[in-house]
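S.K.: Compute the structure for the input listed below.
(4 chains)
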Protein chains: 2
Amino acid sequence: MRKIDLNNFQVATSETARDINSRIMLNLVRKHQPVSRADLMRYSGLQRSTVSVITEQLIAERWLKEGEVGNLPRGRKPTFLHLNEDRAGIFGINIQPCSTNLVLANLAGHFLVEETLPTPDDPDRFVTTIAKRIRELMKKHPRIAYEGIGVSLPGRVDPSSQRFVFAPNLGWRETNLKARLQDATGLTVEMENAANACALSEFWFGSHHEGVKNLIAVTVSEGIGVGMILNGQLVSGTSGLAGEFGHVSLNEVGPKCRCGNQGCWEVYASNSAALRYYAEAAGDKANNGGLAEMTFQKILEHADQGDAHAVQALSRMANYLGRGAAMLINGLAPEVIVFIGDVTRAWQRIGATAVEIAHQRSSTHATTKIVASDSAAQPRVRGIIALVLQRHFGAPTFA
Amino acid sequence: MRKIDLNNFQVATSETARDINSRIMLNLVRKHQPVSRADLMRYSGLQRSTVSVITEQLIAERWLKEGEVGNLPRGRKPTFLHLNEDRAGIFGINIQPCSTNLVLANLAGHFLVEETLPTPDDPDRFVTTIAKRIRELMKKHPRIAYEGIGVSLPGRVDPSSQRFVFAPNLGWRETNLKARLQDATGLTVEMENAANACALSEFWFGSHHEGVKNLIAVTVSEGIGVGMILNGQLVSGTSGLAGEFGHVSLNEVGPKCRCGNQGCWEVYASNSAALRYYAEAAGDKANNGGLAEMTFQKILEHADQGDAHAVQALSRMANYLGRGAAMLINGLAPEVIVFIGDVTRAWQRIGATAVEIAHQRSSTHATTKIVASDSAAQPRVRGIIALVLQRHFGAPTFA
DNA sequence: AGCATATAGTTCGGCTCAAGAACAAATCCC
DNA sequence: GGGATTTGTTCTTGAGCCGAACTATATGCT
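M.R.: The predicted structure follows:
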């Protein structure tokens, strides 16, 4: 039960009921399509007449389209309804320190165009490059409407001002990226932290978590980021700063972290941590060169080839991934924790350890599932598409 | 933005708009009373006519009452509306290991009756004793309607089944307390974890956090419990298990915790931890007796009397309270963290340390306020009143 | 006193919307 | 072809908000 925010609430008008019910219809079609009006009546509990009127309206607005006719043992054949997936196009941009993904997706979240380009050093060049490409793509695919642009980036974004609070890995000075991209493209821009985007991706597109209302995404790369869905919605905290569990200290006398503190989770469980573990294990060989050019990628390969040091490094990393997961389970008790990042490619090797440690160190009553994301699914960019889609498929809020 | 749960949603009917708007009216009156219909029109943005109809209805249902007439420089004098605080009575029960509070409150959360009794060893006796007393009180105050009973207890309650998942400090075997209390009193019973109740208390009755949507309550006693309000609503997690941050390990080689793990936050920052610190500081004197009967209460007194060991023990405790708060700030970035428990009585002594450590060890961008609750306010029992009040004052959810 | 002005609150017609019943359409089976 | 069955539409009714007109009550100026 939510408390009404008396500084910012929304009263109901005569159209409110329709807003709510047509949003429900849209979601029911999304889930159950192909689906007849009669099915919608049964799923929703609304009157057949009401369903008819609402679907008629949604068809007129091109959200839905009538499709083939179904077959039943008896009676009039139903006309199936479908989501009109090509009603709108959404651009998704995923900015990472070295490369940026640009995607054009439809309402179903399917990618129509998918490109990768190097991330420019400064935001000015970024805006002009991306805006140009987006305008080209809009010309090339002129038939669809464009809903907006979603941007995921390694940093925290203030939900109210939509400026980023910090993005250390990007090295960009604080800038009003949103306004400039909007001016350059004419489309609405929404920005979100990459871990939050991943959480949204799993929450809206993850097929295996039916009925889940609490889901946590953990992105593991150079650092660790956490995105949280609690009570069915993204948790952003004040100024969008929530999710920095990667900088919770697991050991007050642990190694220094770039955040200034000691023994942070990401000092123990990130890709960089695995590199450190490998260097420690490989010992003196480190000085013989080669190790300086070591990458997490190579550790995964070495482990596959049976390199004991690599296996050990990954195992230590897995152990700490488990400890951090235990923190999240104890504190937030989600139904699911999803790990995202290169580490998922080695999940078969390290998943069991992480899961075991996590359960060992968390409440015995918790039933949290811990899984690795399908890395092919591009959760960062899919999630940012989900963010934009929420405008149309999310629950409208009143009061 | 929330995702619609297609397994459990609520369609809008013709009455939905009224439900929403009259709930808003009720809250506006609660906040701004005494308030005229014209004021409500301005606060809500609804038409004067709509406000008139809704208030008429709320007066007929006895939620509101007309009061005195106001004065204005010009024009017709407004009739002020008030919340009819005595429309309903709510029983609040706070179960703690040794004593139980029973409170009868009105709609404003004011206590009409306030009693304390020893907590029976077994739930059977508890139900009969409490139910008898509640029936007596209902006879004694026959004029008001009774809304229900709220029960706060040291343990986690599954929101769906309303059974407690575990309550180790209570030592009661799992029992369907809710159903039995309902049968014995004829009133609706709602149960909630004590830390969650505290969070609700601060959120609904805390005057100093206007506009706050993310608030965390930390109860410090023998153990540490955490209750979280995020996005304006209580976060319970799967089976109500969220909030066990007290059992997050801050040190993997720290002292054993009763939960089976090592170095949990509550091993370092609870009342029991302060007792251990004191024993360590007092050293050999411990064997001379007296220390076995040491209580946290006495440590507070000794500190006031200038006992260096007591001061040091509290200071170590404060340090770890700060570290735990830093974890909550990094992870959840609330606007406010409220500490609750005996420790608040020593807040003048230890607050500064805790706040300093918390800010030192959390994101430099975070602006979380850290405060001690007013211990006289009885947050546990006030919060459980808030839980029941939410039924009438919380935002109704559709879709 | 009389009138203009201002503010509070009520009443009524018009519009949106869901409910529910009646009806039309389409199909199968006998 | 007729009855049974299911889908989908149409129409009336009642709930509820909007907006305008209207009533009630006050002040201040002439």
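S.K.: Residue A:61 - how many residues pack around it?
M.R.: 11 (other CB atoms under 10 Å in any protein chain shown). The C-beta positions use only the backbone N, C-alpha and C, and glycine is treated the same way.
S.K.: Please read the previous query as pertaining to residue A:307.
M.R.: 18.
S.K.: before we move on, what about the one 3 residues further on?
M.R.: Here the neighbour count serves as a burial measure; for residue A:310 (other CB under 10 Å) it reads 25.
S.K.: Next, give phi and psi for it.
M.R.: In terms of degrees, to the nearest 10, the main-chain angles of residue A:310 are phi -70, psi -40.
S.K.: and if you look at the one 3 residues further on?
M.R.: Residue A:313 has phi and psi values of phi -60, psi -40 when expressed as degrees, to the nearest 10.
S.K.: what's the distance between it and residue A:278?
M.R.: Going from residue A:313 to residue A:278 by CB to CB, to the nearest Å gives 4 Å.
S.K.: Give me the distance between residue A:100 and DNA strand C.
M.R.: According to CB to the nearest atom of the strand, to the nearest Å, residue A:100 and DNA strand C sit 41 Å apart.
S.K.: OK, contacts around that residue?
M.R.: For residue A:100, the contacting residues are A:93-94, A:116-119, A:126, A:130, by CB atoms under 8 Å, 6 or more residues apart in numbering or on different chains.
S.K.: would it count as being in a helix?
M.R.: No: counting by DSSP: H, G, I helix; E, B strand; the rest coil, residue A:100 is located in no helix; its state is strand.
S.K.: For the lowest-mean-pLDDT helix or strand in chain A, list every residue counted as buried.
M.R.: None of the helices or strands of chain A scores lower by mean pLDDT, DSSP states H and E than strand A:164-166, at a mean of 79. By neighbour count, with 16 or more other CB atoms under 10 Å in any protein chain shown as the criterion, the buried positions of strand A:164-166 are A:164-165.
S.K.: now it, how far from the centre of its chain.
M.R.: Its chain's C-alpha centre and that of strand A:164-166 lie 18 Å apart, by CA atoms, centre = their mean, to the nearest Å.
S.K.: Name the strands paired with that strand and say parallel or antiparallel.
M.R.: Strand pairing for strand A:164-166, using DSSP bridges, gives strand A:156-157 (antiparallel).
S.K.: how much space between the closest residue to DNA strand D within chain A and residue A:35?
M.R.: Nearest residue of chain A to DNA strand D: residue A:75, at 2.2 Å (CB to the nearest atom of the strand). Going from residue A:75 to residue A:35 by CB to CB gives 17 Å.
S.K.: Then residue A:6?
M.R.: Separation of residue A:6 from residue A:35 (CB to CB) stands at 39 Å.
S.K.: of those two, who's got more company?
M.R.: The neighbour comparison of residue A:6 against residue A:35 (other CB under 10 Å) goes to residue A:35, with 24 against 16.
S.K.: mind checking pLDDT for that one?
M.R.: Residue A:35 carries a pLDDT value of 96.
S.K.: is it in a bridge, and if so with what?
M.R.: residue A:81.
S.K.: interface residues of the stretch 251-399 of chain A facing DNA strand D?
M.R.: Within the stretch 251-399 of chain A, no position is adjacent to DNA strand D by CB under 7 Å from any atom of the strand.
S.K.: which residues of the stretch 251-399 of chain A fall in helices?
M.R.: Under the criterion DSSP state H, counting those that start in this stretch, the stretch 251-399 of chain A contains helices at A:265-269, A:271-282, A:296-304, A:308-332, A:347-360, A:379-393.
S.K.: Just name the most buried of those.
M.R.: Among the helices of the stretch 251-399 of chain A, helix A:265-269 has the highest mean neighbour count (mean count of other CB atoms under 10 Å in any protein chain shown), at a mean of 27.
S.K.: Show me what that one packs onto, helices and strands only.
M.R.: Judged by 3 or more CB pairs under 8 Å, 6 or more residues apart in numbering or on different chains; DSSP states H and E, the packing partners of helix A:265-269 are strand A:224-230, helix A:271-282, helix A:308-332.
S.K.: among these, which is nearest DNA strand C?
M.R.: Minimum separation from DNA strand C across those (CB to the nearest atom of the strand) falls at strand A:224-230, 27.9 Å.
S.K.: So that closest one, near chain B or not?
M.R.: Yes: judged by CB under 8 Å from any CB of the partner chain, strand A:224-230 comes into contact with chain B through A:226, A:230.
S.K.: What is that strand packed up against?
M.R.: helix A:194-205, strand A:215-220, helix A:265-269, helix A:308-332.
S.K.: Can you list the strands that that strand pairs with?
M.R.: strand A:215-220 (antiparallel), strand A:233-234 (antiparallel).
S.K.: Let me have these in JSON lines, adding mean neighbour count as columns.
M.R.: Converted to JSON lines, the strands paired with strand A:224-230 look like this (neighbours: other CB atoms under 10 Å in any protein chain shown):
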{"stretch": "strand A:215-220", "mean neighbour count": "28"}
{"stretch": "strand A:233-234", "mean neighbour count": "24"}
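S.K.: Now mean pLDDT too, for the ones you listed, in JSON lines please.
M.R.: As requested, these are exported to JSON lines (pLDDT from 0 to 100):
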{"stretch": "strand A:215-220", "mean pLDDT": "97"}
{"stretch": "strand A:233-234", "mean pLDDT": "98"}
